[in-house]
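Q: Generate a structure from the sequence data that follows.
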Amino acid sequence: MLRDLSPLFKYMHRYRWGYLRGMLCVVCTNAVWVLFPKVLQAAIDGLDQGITRQRVLHFAGLLVAIALVKGIFLYAQRWILIGISREIEFDLRNDLFRKLELQDTGFYQRFRTGDIMARLTNDLNAVRMLLGPALMYSANTIFFTVGALFFLLHISPFLTLVAWAPMPLASVLVQYFGRKIHDRFERIQESFSEISSQAQENYSGARLVRAFAREDSQMKQFEQLNRRYIARAQRLVQLMGMLWPTLEFILGISMIITLLVGGHEVIAHRITPGEFVAFNTYMILLIWPIIAVGWVVNLFQRGTASVKRIDELLRAHPAIDDSAADQAVPADALLKGEIEFRHLNFGYNSTPVLHDICLRIPAGSSLAIVGPTGAGKSTLVSLIARLYEAPEGSLLIDGRPVRSFPLAVLRRNIGMVPQETFLFSETIAENLAFGAPSASREELMEAAEAAHIRQEFQEFPKGFDTVVGERGVTLSGGQKQRAAIARALLRRPSILILDDALASVDTYTEEQILGGLHSYTMTATTILISHRVSTVRGADQIAVLDHGRIVELGKHEELLALNGYYAGLYQKQQLEEELTVAG
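A: Next comes the predicted model:
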């Protein structure tokens, strides 16, 4: 059990003094409450001396005082221990979010978003219940049981022995059911992750689902997952439904033994009537702690299963290691933007993607990359921002290995517009200023103007304060791409990467955007990926990538003279334009 909780030890250690105060309150609560039956014993045995108003008020006052003091300490222990569980939940959630923010792209290819969300919600809640209520009720059960057992043995060792004879059976049942609960709860959490993933993907892809009229199919699939989850949950409920009644049955047997044997002991004058009442009261008060064992076992098994799933996220180390970076580089350092690939080879999961890439991009110049789909264009530019890790020494920026720059410095100097545009469910202005939160409104407008989107946004009812919806669902593909371009330009980056960022706009808008980029790219190193010759023809260099290799490199006119892939692409697009005009 302790080994299962080891990932939580550092969090528990952080609040060790709080736990100590909480446990002291637990001890005081049970030390006071365990005296309650003894007062009843004294009151009943005192009847032999006669009943007086003063005596009744005395014992009644003692009982009220015990209940009052117990209530105060009970409140304190709950406030402290449950409060600590909330604090640890807070710390865990922050650490998990921080860990997830630092993960590389490959991590999110292994873990589905819905699964991660399930761990951050359902599993984290199970861990909180483990660290709060489970620990608190376990401590209460242990301390009260030990105290009660001490007084039971003092009243009658023989009666205690026979009354507790069925208890070892309860211990065996708890261990047996505990293992079953752990296994079943793990399967429940897996099902919950599947449901979360299914829901998240359908909400994010709502347009696609409707476009292909797959609503019924997706609902049936979700229903199947939901039925599986419910079936697993019901099996756990059945198990718990067997555990608690079984424990109550064992307690019932103990109570019957107590009444029969205890009554005989009173008749034989081996214990007094007051001791008999006290003994039965202790047994009654032990009913909840013993039953609570079943609930605590449930919480512990759920919690340990969830700890394992959360620890899997906590132990995941990013593939992009920043430890080798030169920490002497100032946080606000500006890069010149010179990029050099030296015999770079790269692949995913042992599958080669890029082969012997040798390329130098001078600072402030522009490079265009063209090539067929799957040639490795996006992979190549992703290495510059270290979204994937290039082999040691194969990628240099400003003459230094890319790994020597802290990630924060490197990426602060890069403005990147990926193929898949992502916008947050915030206002247009907040999305544009995401990479440059300190930018002025005037700078924001200039960037939007350069991306040829300012006028369209201003025509919205709320202008730049319009909320775009999740993933920018209220904008068209072209508007989202231009918003992403404006977001990148607003950073005034040293390196600007446009990965097929003009694919969703027409040629006229493309021409306007390229013209607007001029004032931003005069000093920046610009890399353009496109399938359109009209986009790349003005670049200082054009690289043709095919099957992960640079097969052509030069200016527009030089590549046309080679009569290779680029020339064929140019002729094809020229013909398409002529047919469009003629049509």
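
Q: residue closest to the middle of the protein?
A: Nearest residue to the geometric centre of the chain (CA atoms, centre = their mean): residue 120, 3.9 Å.

Q: Can you give me the distance of it to residue 288?
A: Distance of residue 120 to residue 288, computed by CB to CB, to the nearest Å: 33 Å. For glycine as for every other residue, the C-beta is placed from the backbone atoms N, C-alpha and C.

Q: How about residue 371?
A: 72 Å.

Q: Settle it for me: which of these two has more neighbours?
A: With neighbours defined as other CB atoms under 10 Å, residue 371 and residue 288 compare such that residue 371 has more, 24 against 15.

Q: pretty sure that one is touching residue 546, no?
A: Yes: counting by CB atoms under 8 Å, residue 546 is a contact partner of residue 371 at 5.3 Å.

Q: could you point out which element follows the longest helix anywhere in the chain?
A: Longest among the helix segments of the chain by residue count, using DSSP state H, is helix 215-267. Downstream of helix 215-267, the first helix or strand assigned by DSSP states H and E is helix 273-285.

Q: Dump that following helix to CSV, keeping only the CA atoms.
A: Only the C-alpha atoms of helix 273-285 are listed here, as CSV (Å, rounded to 0.1, in the frame of the first residue of the first chain):
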residue,chain,number,x,y,z
PRO,A,273,-25.2,-3.9,34.8
GLY,A,274,-23.4,-0.7,34.1
GLU,A,275,-20.4,-2.6,32.7
PHE,A,276,-22.8,-4.6,30.5
VAL,A,277,-24.4,-1.4,29.2
ALA,A,278,-21.0,0.2,28.6
PHE,A,279,-19.8,-3.0,26.8
ASN,A,280,-22.9,-3.0,24.5
THR,A,281,-22.5,0.8,23.9
TYR,A,282,-18.9,0.3,22.8
MET,A,283,-20.0,-2.5,20.4
ILE,A,284,-22.7,-0.2,19.0
LEU,A,285,-20.3,2.7,18.6
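
Q: For that helix, buried residues please.
A: For helix 273-285, the buried set under the neighbour-count rule, 16 or more other CB atoms under 10 Å, comprises 274-283, 285.

Q: and which of those residues is nearest residue 29?
A: Checking those against residue 29 by CB to CB gives residue 285 as the nearest, at 12.6 Å.

Q: what sits against that closest one?
A: Residues near residue 285 by CB atoms under 8 Å, 6 or more residues apart in numbering: 33, 36-37, 144, 148.

Q: do that again at 7 Å, thanks
A: The contact partners of residue 285, by CB atoms under 7 Å, 6 or more residues apart in numbering, come to residue 148.

Q: do the same with residue 373
A: Contact analysis of residue 373 by CB under 7 Å, 6+ apart lists nothing.

Q: Let me know the secondary structure of it.
A: coil (DSSP: H, G, I helix; E, B strand; the rest coil).

Q: per-residue pLDDT, it?
A: pLDDT, residue 373: 86.

Q: Against residue 500, how distant is it?
A: 10 Å.

Q: same question, residue 368
A: Taking CB to CB, one finds residue 368 at 11 Å from residue 500.
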